[in-house]
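J.: got a sequence here, can you build the structure:
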Amino acid sequence: MTNDLPRIYLDNSATTPIHPEVASAMSELLIRCYGNPSSIHFLGRESRIIIEKARKSMAQALGCSPSEIFFTSGGTESDNMACRCAVENLGICRIISSSLEHHAITHVLDQLHKVHGTEICWLPNDPQGILDMNQLQQWLKESRDLNIPTLVTLMHGNNEIGNMLEIEKVAALCKAHNALFHSDMVQTVGHYPLNFTEMGLDMASGSAHKFYGPKGVGFIYIRGGLSLGAMMAGGSQERNMRGGTENLPGIAGMSLALELSVSSMDQRRERISRLKNRLKEGILEAIPGVTFNGNIKGPTMYQVLSVSFPPHPKGEMLLFHLDIEGICASGGSACSSGAESRSHVLNGIGMPKDRTAVRFSLGSHNTEEEIDRTLHVLRKILLDAS
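T.: Coordinates of the predicted model:
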């Protein structure tokens, strides 16, 4: 790779580049609004006003009340809070989930089982990653009949293979069987029209850096009437739900990023969908034996394409070769990079060990020229004699 070759960033499910307008607004706030939001003097009151305006703006975008939005450090904390507090404060004894969830869910569920004896029911899935809704209904009926307090936690959009949950259907099932429903919506907030109230959610998690906002800030939606205890003690911030001085620039940046994402959602989705189809069709045409991970016929995220490449001498080092050529992609979740040779999601769908998975996740900055360049590089790596 030559030094002047531009980087092509196709790893937006790991994180998105921050919107320049968001970065500018945050930079100004870092200098201008330094008062502690809990202080009663005018500098503190100014900071508090900014936070509450951000809360109101986000609630409006997400179809809920400002009192139902609580700011956190990101999706992982929000997921942990939903599961832990459901067990520790709401008396949940059974949690139904999927082994294809993000580790922010699966790992905390393992801990809850070990520490509290919480029963964890893992939904089966087929090779496309489609969850068994009949089994979900059966477990929910059993929970209702036996009076077992139950939480269902299932992600709206899978970060690795792009499958989308029929979230309204799951919410309706949970309501019919008196179970609580939490959804990790880290990959879909800011990318799809959402109305938490109409969708029937009890809790939901989001993270700013997935929709062109800053890292280190997120939120949890908690439906009004649910009395969760504090996830973090030490102060009365976030209405006694999360102690600690608020990340004012991050919160304001997240709110602005969501506002900008929602305002351009339709145009962005149409444009990125075209780029994804261009990439998918180009790979099919160029690489014999290629297949795609995830739901083939059902709903999938328009920005994610998980490719299963056939056995090849350069297969194990494909991501490295792409990086050498200036192309940033992923083999799975960024949160487990380097920790394991094959992600738990790919193992969960039974992808053959001799095939190589690459997740291309597209963003608003990508162009047709970048897609064509990526296809050229893939042909160069996988088809050229060596």
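J.: helix or strand: which one has residue 135?
T.: Element membership of residue 135, judged by DSSP states H and E, is helix 133-145.
J.: got it, and residue 279?
T.: Residue 279 belongs to helix 265-286, assigned by DSSP H and E.
J.: got the contact list for that helix?
T.: 190-193, 261, 290, 292, 302-305, 307, 360, 362-364, 366-368, 371-372, 374-375, 378-379, 383 (C-beta atoms under 8 Å, 6 or more residues apart in numbering). (Glycine included, C-beta is placed from N, CA and C.)
J.: now, of these, which are buried?
T.: 190-192, 261, 290, 292, 302-305, 307, 360, 362-364, 366, 371, 374-375, 378 (16 or more other C-beta atoms under 10 Å).
J.: out of the residues you listed, which sit inside helices?
T.: Those of the buried ones among the contacts of helix 265-286 mapping onto helices are 261, 371, 374, 375, 378, per DSSP state H.
J.: would you agree the last one is in contact with residue 307?
T.: When you say that, I think you mean residue 378. No: the criterion here is C-beta atoms under 8 Å, and residue 378 misses it with residue 307 at 9.0 Å.
J.: show me the contact partners of the lowest-mean-pLDDT helix or strand in the chain.
T.: Across the helices and strands of the chain, mean pLDDT, DSSP states H and E gives its lowest value to helix 237-240, namely a mean of 82. If you take C-beta under 8 Å, 6+ apart as the criterion, helix 237-240 is touched by 37, 38, 67, 70, 71, 230, 243, 244, 245, 246.
J.: what comes up buried for that helix?
T.: Buried-residue list, helix 237-240, by 16+ other C-beta under 10 Å: 237, 238.
J.: make residue 1 into 715 and carry on from there
T.: I'll keep to 715 as the first residue from here, and by that count the last item is helix 951-954.
J.: quick one: the strands in the chain, in order.
T.: In the chain, the strands defined using DSSP state E lie at 722-723, 783-786, 808-812, 833-837, 864-867, 894-898, 917-921, 932-936, 1005-1006, 1018-1023, 1041-1042, 1070-1075.
J.: list the neighbouring strands of the second one plus their orientation.
T.: In this case it means strand 783-786. strand 932-936 (antiparallel) (DSSP bridges).
J.: in PDB, list the C-alpha atoms belonging to the partner strand.
T.: C-alpha atoms of strand 932-936 as PDB (Å, rounded to 0.1, in the frame of the first residue of the first chain):
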ATOM      1  CA  GLY A 932     -25.200   6.600  25.800                       C
ATOM      2  CA  PHE A 933     -28.600   6.200  27.400                       C
ATOM      3  CA  ILE A 934     -31.100   3.700  28.800                       C
ATOM      4  CA  TYR A 935     -34.900   4.100  28.200                       C
ATOM      5  CA  ILE A 936     -36.900   2.900  31.200                       C
END
